[in-house]
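K.L.:
Based on what follows, work out the 3D shape:
(one chain, ligands or ions: 1)
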Amino acid sequence: MINDTPIIELADVDQIYAGRGTNVEALRGFTLDLRDGEVLTIVGPSGCGKSTLLNILARLERPSRGTLSFRGVNADNSDVEIGYVTQSDTLFPWRTLLGNVEYPLEIRGVSKDVRRERAVSLLERVGLKGFENHLPSELSGGMRQRGNIVRALVYDPDIVLMDEPFGALDAQTRLVLQDQLQRLCAEERKTVVFITHDLQEAIALGDRVVVMTARPGRIKVVRTVGLERPRDLNRIHEVPRFQELLSELLEALREEVTLAGHGPAGR
Ligand SMILES: Nc1ncnc2c1ncn2[C@@H]1O[C@H](COP(=O)(O)OP(=O)(O)OP(=O)(O)O)[C@@H](O)[C@H]1O
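P.N.:
Numbering: from 1, shown residues only. As a prediction, this is how the structure comes out:
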C-alpha cells in the first residue's frame, strides 16, 4: 500500500519574536506539505523568515501558533531524524575530515567498523577520497562544505535541511557541489528543504520551488518544476521549462524584494 501521509506537514504556522517594545512577526500562516523523497527549494527576500522556517522544521524553535507534524505525528512526539547544513563551516577544527563525518555515528553508538565504512563511502562519493585524514584547515572551502553535507547525511536522516549551503562558494565549485548533492540525495532518497538566494539554483535543484513574501513570510508562489532528477546542471538553463519558470518566479521575487526595501533582485 502506498503511504500518502506527508513526511512534513506545516499547518498555519506563525512565528512571532518578542522584541523590545515591538514584536517581530517572522512567519504568518505558513502551510506546506512535503512528500517522501521530495526536494523543496525556497527563495525569498532577505529577512523574510527562511531561516526561521528551517529552525522550526529542525525543532530548534517552536512555532508561536500552528502545528508541525512528521509522517502524521506531532513534531514533539516524532522520532524522525533531521540533518541540518548551514552556510557556515561547522566542522570541528581539531578532528580530521573522517573524524568529523564519523562523529554523528559515534554519538549514536555505532560500531567503529560500520561507521568507518559508511563515512569512507560517502566521502568517496563526493570526491574526497584521499583527504580523510586532513584537518578542516587543510581543506578548501568547497571541500569543507562537502564534509558538512556528508556529515549531515551519514546517519541516514529522514529529512535534510539546507540553509544556503553553497552561498559562500565560487560559481564553479558551486556547480560541482550542486551536482554531487543532487546525485547523493537521489541515491539516498532524501527529503530535502533547501534555502537559497539564487533562483536559478532553486529551479535547477528543486522538485517544487517556493517564493516567499517579504516579512512576515508567507508562500507567495509555489511551482512544480516537472523535470526529472538528477538533471544535467550544465545545460538546464537551455531547457524551455527552466526559462519559463525563471522569468515567472523572478518577477514574483522582484516584487517581494522591492517590498522588503532591498532593491530589485539581481538574478
Ligand atoms: N531569535 C530571534 N529573535 C528575534 N528576532 C528574530 C530571531 N530570529 C529571527 N528574527 C527576525 O525574524 C525575521 C526573519 O529572520 P530570518 O533569519 O528567518 O530571515 P531570513 O529570510 O533567513 O533572512 P536572510 O535571507 O537574510 O538570511 C528577521 O526580521 C529577524 O531579525
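K.L.:
Where do the strands of the stretch 1-150 of the chain begin and end?
P.N.:
Counting by DSSP state E, counting those that start in this stretch, the segments of the stretch 1-150 of the chain that form strands are 8-18, 23-34, 39-43, 65-70, 73-74, 82-85.
K.L.:
could you give the mean pLDDT of the shortest one?
P.N.:
Right, the one you point to is strand 73-74. Averaging pLDDT along strand 73-74 gives 95.
K.L.:
Next: the longest one.
P.N.:
The average of the pLDDT scores along strand 23-34 is 95.
K.L.:
same deal with stretch 169-176?
P.N.:
Rounded mean pLDDT across stretch 169-176 is 87.
K.L.:
what's the answer for stretch 196-209, then?
P.N.:
96.
K.L.:
Now tell me what touches that stretch from outside.
P.N.:
Stretch 196-209 has contacts (Cβ atoms under 8 Å, 6 or more residues apart in numbering) with 38-43, 46, 164, 166-167, 174, 178, 181-182, 194, 222-225, 229, 231, 233, 236-237, 242, 245-246, 249-250, 253, 265, 267. Placement of C-beta: from N, CA and C, glycine included.
K.L.:
just the strands of the stretch 1-150 of the chain: most buried one?
P.N.:
Mean neighbours per residue, mean count of other Cβ atoms under 10 Å, is largest over the strands of the stretch 1-150 of the chain for strand 39-43, with a mean of 25.
K.L.:
Tell me which strands that strand pairs with, and in which orientation.
P.N.:
Strand 39-43 has its sheet partners listed here by DSSP bridges as strand 191-195 (parallel), strand 208-212 (parallel).
K.L.:
Could you dump those into JSON lines with distance to residue 258 and mean neighbour count added?
P.N.:
Shown next, in JSON lines, are the strands paired with strand 39-43 (distance: least, Cβ to Cβ, whole Å; neighbours: other Cβ atoms under 10 Å):
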{"stretch": "strand 191-195", "distance to residue 258": "20", "mean neighbour count": "24"}
{"stretch": "strand 208-212", "distance to residue 258": "13", "mean neighbour count": "24"}
